[in-house]
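# would you be able to build a 3D model of this:
(chains A, B, C and D)
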Protein chains: 2
Amino acid sequence: MMKKNILTGVKEIARRANVSIGTVDRVIHNRTGVSETTKSNILAIMKELDYQPNILARRLASKKLLKFATLIPSMSKETEFWKAPLKGIEQAESEIKQYGIEIEKYFYDQNDKNSFVTQSKKILETEIDGLLVAPIFIEESLEFAKSCNQLKIPQVFINSDIPNESRLSYIGPDLFQSGYLSARLTNYALPESSKILIINISKGIDAYHHLLEKEEGFRAYFKNNKKNNEIIKIDIKQTDYDSIAIRISETLALNPDIKALFVTNSRVFSVAQYLEKSGIKDILLVGYDFLENSIEYLEKDIIAFLICQKPQEQAYKGIMSLYQKLVLNTEVENTYYMPIDIITKENYKFYRN
Amino acid sequence: MMKKNILTGVKEIARRANVSIGTVDRVIHNRTGVSETTKSNILAIMKELDYQPNILARRLASKKLLKFATLIPSMSKETEFWKAPLKGIEQAESEIKQYGIEIEKYFYDQNDKNSFVTQSKKILETEIDGLLVAPIFIEESLEFAKSCNQLKIPQVFINSDIPNESRLSYIGPDLFQSGYLSARLTNYALPESSKILIINISKGIDAYHHLLEKEEGFRAYFKNNKKNNEIIKIDIKQTDYDSIAIRISETLALNPDIKALFVTNSRVFSVAQYLEKSGIKDILLVGYDFLENSIEYLEKDIIAFLICQKPQEQAYKGIMSLYQKLVLNTEVENTYYMPIDIITKENYKFYRN
DNA sequence: CTGAAAGCGCTTACAG
DNA sequence: CTGAAAGCGCTTACAG
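Okay, here's the model as predicted:
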């Protein structure tokens, strides 16, 4: 079957308006140098025809290159989590690089505010058209965002949001609600009067708001549902296994009624490791993120539930949002909350992180 | 920034091979009329250059139209489920129609085998390049698949699979495993010795295998975990509310120890309606699918969990698989199991069905 | 068996 | 303020 041979697009508009396609192109892109009369005439015709530009042709003809920068924590054994976002970035990159998009990847140390600042300054020295960032440090991120806004660089945030009206989009979890759901799952199998322990494991005091929001959601569930379980909470600032094990064993010794542990981030695998080594079997363990280590304990029935939010997809969508905005010129959702996924031993094999 | 001015693509290949781009095009598409020597020469150069065709240019230049057909159950009040796949098809359509893809949508009555046969014959009378089908009726679907294979029409199955080596791809749930997970969730909050009731609600005897697979998965969990809960099962063939209510109330009267209900499809909302009307509060209810009706009962704490598998995305991905295969000529996964999503009152607002 | 030319729907200089 | 031409990387007839 062959396409019918009717003029469409710029040519048809030009024909109707009795101008050249060059002029049509000028008004499509709102460039200067067109008289008001021809401009409004062309605009009217475009509207009448419900003109939709052919993106294929546009990209093919355009010689513009676009540069995106990404700034996320570097990946280490301790922060395996950040592997997934990086994969998402690379996935998006491979899809759109043939359309003239280049991505420069920057990384910072999530325990070191200064590294974030250093890297963000580096980015500002280059010329970029769009930015994806995981804004772990609130103040520094706001500062960075301000500079970007001055340079009119659209920014997408992933993983956690910061209060910022001017960003193009946030793509990530609703942290409070994920904590709320965790509480529901925890409560579900809990004996009436048992105590619950919330465990925040994090070196950086700065990245802490992130965990706090989950904790608040968790507490809110028990409050809203008038459950009177006592909730204890500990902060663990030393993230090596031994420190974690000691703190937990002390706490459990003092509070033998604790029947559930809620770990507010991916360090849940360390807690699982402790439970395994100590042979503790009657404590419910709920935590975050789809890391290999944790899956292992899910498999062993030591972790009951993991809450996950598709970090790879967050980053993928983030890049694609920039692409949509800058190349396709389509609308982008200002806030895109990821689904709050519940992972268990029975469904983890089907999960796409 | 401007692209560098180096020859790439067919032109560069042509230059190196000392032939015209027409000839290069012939070997790229494996058309006849090229001498073996030039052919292998061009092939070698393509390999050396790691030639990647520019899809944009290809679609732009090509005047070929592709026609896809879709065959899924029609949507009614009773089968609201099928709204989502239709939306997925339309979503994909709107994305790829500008690239010359047309989609013809066919529907059948999921309670009527014959309507499936009639529609599939209709499709075979038209000329199509690809097919998406929800193969609810095994034998008839196999027959249809056979005809398609003879005509070399690639087929994608969604929602449920049929044993068929020749299909391009299956995109949908692992039914057995979704039942297995349901059992885990059911067992989770269940008093030790309580009975469990499995409820299959379906008019069509033919579409039944679908539900059975979930049931088997469900039973397998209890068996594998050496739980001795008695499991009762009823089949309800009259799908109006009254019939359902009567059957369940009879069963519960005979078995007062039943503390959990597992409904193997979206009709869980009717069961919820019954529980609500009867004022029964201490029975755990688990079922399938993200329907408005069911969400309402999730909200009211009558349904505890819904298992969902993104029906819209299944269909969307299905169409895109055909597009990828036929237009982009890229690999397509033979079997793509959807994640098994757990929906609760606390996370449904973030779900993307 | 092969080449030269036109064209897909745009954008980009350049010229006036 | 506007137009004519070249070109993006392909495909498609057509001619030989």
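
# in a strand, residue A:33, correct?
No: Residue A:33: not assigned to a strand; according to DSSP: H, G, I helix; E, B strand; the rest coil it is coil.

# what about it, neighbour count?
Neighbourhood size, residue A:33 [other C-beta atoms under 10 Å in any protein chain shown]: 8. The C-beta positions use only the backbone N, C-alpha and C, and glycine is treated the same way.

# which stretch of helix or strand covers the closest residue to it other than its chain neighbours?
Residue nearest to residue A:33 in three dimensions, not counting chain neighbours: residue A:26, with 6.2 Å by C-beta to C-beta, 6 or more residues apart in numbering or on different chains. Assigned by DSSP states H and E, residue A:26 belongs to helix A:21-28.

# residues contacting the residue in the stretch 101-250 of chain A that DNA strand D sits nearest to?
In the stretch 101-250 of chain A, no residue comes nearer to DNA strand D than residue A:101, which is 14.7 Å away by C-beta to the nearest atom of the strand. Under the criterion of C-beta atoms under 8 Å, 6 or more residues apart in numbering or on different chains, the neighbours of residue A:101 are A:65-68, A:93, A:323, A:327.

# export these to a markdown table and tack on secondary structure?
Below are these laid out as a markdown table (three-state DSSP):
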| residue | secondary structure |
| --- | --- |
| A:65 | coil |
| A:66 | strand |
| A:67 | strand |
| A:68 | strand |
| A:93 | helix |
| A:323 | helix |
| A:327 | helix |
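
# among those, who's most crowded?
Most surrounded of the contacts of residue A:101: other C-beta under 10 Å gives residue A:68, at 26 neighbours.

# wait, it sits on residue A:130?
Yes: using C-beta atoms under 8 Å, residue A:68 makes contact with residue A:130 at a distance of 4.6 Å.

# now do the shared contacts for the two.
Common neighbours of residue A:68 and residue A:130, counting by C-beta under 8 Å, 6+ apart, are residue A:322.

# which residues in the stretch 1-150 of chain A form strands?
Using DSSP state E, counting those that start in this stretch, the strands of the stretch 1-150 of chain A run over A:66-73, A:101-108, A:130-133.

# and for the stretch 151-300 of chain A?
A:155-158, A:169-172, A:195-201, A:231-236, A:258-263, A:284-288.

# mean pLDDT and distance to residue A:212 for those - can I get that in a markdown table?
Shown next, in a markdown table, are these (pLDDT from 0 to 100; distance: least, C-beta to C-beta, whole Å):
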| stretch | mean pLDDT | distance to residue A:212 |
| --- | --- | --- |
| strand A:155-158 | 97 | 18 |
| strand A:169-172 | 96 | 16 |
| strand A:195-201 | 96 | 8 |
| strand A:231-236 | 95 | 10 |
| strand A:258-263 | 97 | 13 |
| strand A:284-288 | 97 | 14 |
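
# can I get those in JSON lines with distance to DNA strand C and mean neighbour count?
Shown next, in JSON lines, are those (distance: least, C-beta to the nearest atom of the strand, whole Å; neighbours: other C-beta atoms under 10 Å in any protein chain shown):
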{"stretch": "strand A:155-158", "distance to DNA strand C": "24", "mean neighbour count": "26"}
{"stretch": "strand A:169-172", "distance to DNA strand C": "24", "mean neighbour count": "24"}
{"stretch": "strand A:195-201", "distance to DNA strand C": "50", "mean neighbour count": "22"}
{"stretch": "strand A:231-236", "distance to DNA strand C": "54", "mean neighbour count": "16"}
{"stretch": "strand A:258-263", "distance to DNA strand C": "51", "mean neighbour count": "24"}
{"stretch": "strand A:284-288", "distance to DNA strand C": "44", "mean neighbour count": "25"}
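
# of those strands, which approaches chain B most closely?
strand A:284-288 (9.8 Å; C-beta to the nearest C-beta).

# what pairs with that closest one, and is each one parallel or antiparallel?
strand A:258-263 (parallel), strand A:305-308 (parallel) (DSSP bridges).

# wait, isn't residue A:203 in contact with residue A:111?
Yes: applying C-beta under 8 Å, one finds residue A:203 in contact with residue A:111, separated by 4.7 Å.

# neighbour count: these two, which is higher?
Using other C-beta under 10 Å, the more surrounded residue of residue A:203 and residue A:111 is residue A:111, with 18 against 15.

# is chain B contacted by the lowest-mean-pLDDT helix or strand in chain A?
None of the helices or strands of chain A scores lower by mean pLDDT, DSSP states H and E than helix A:55-61, at a mean of 84. Yes: using C-beta under 8 Å from any C-beta of the partner chain, helix A:55-61 reaches chain B at A:55-57, A:59-60.
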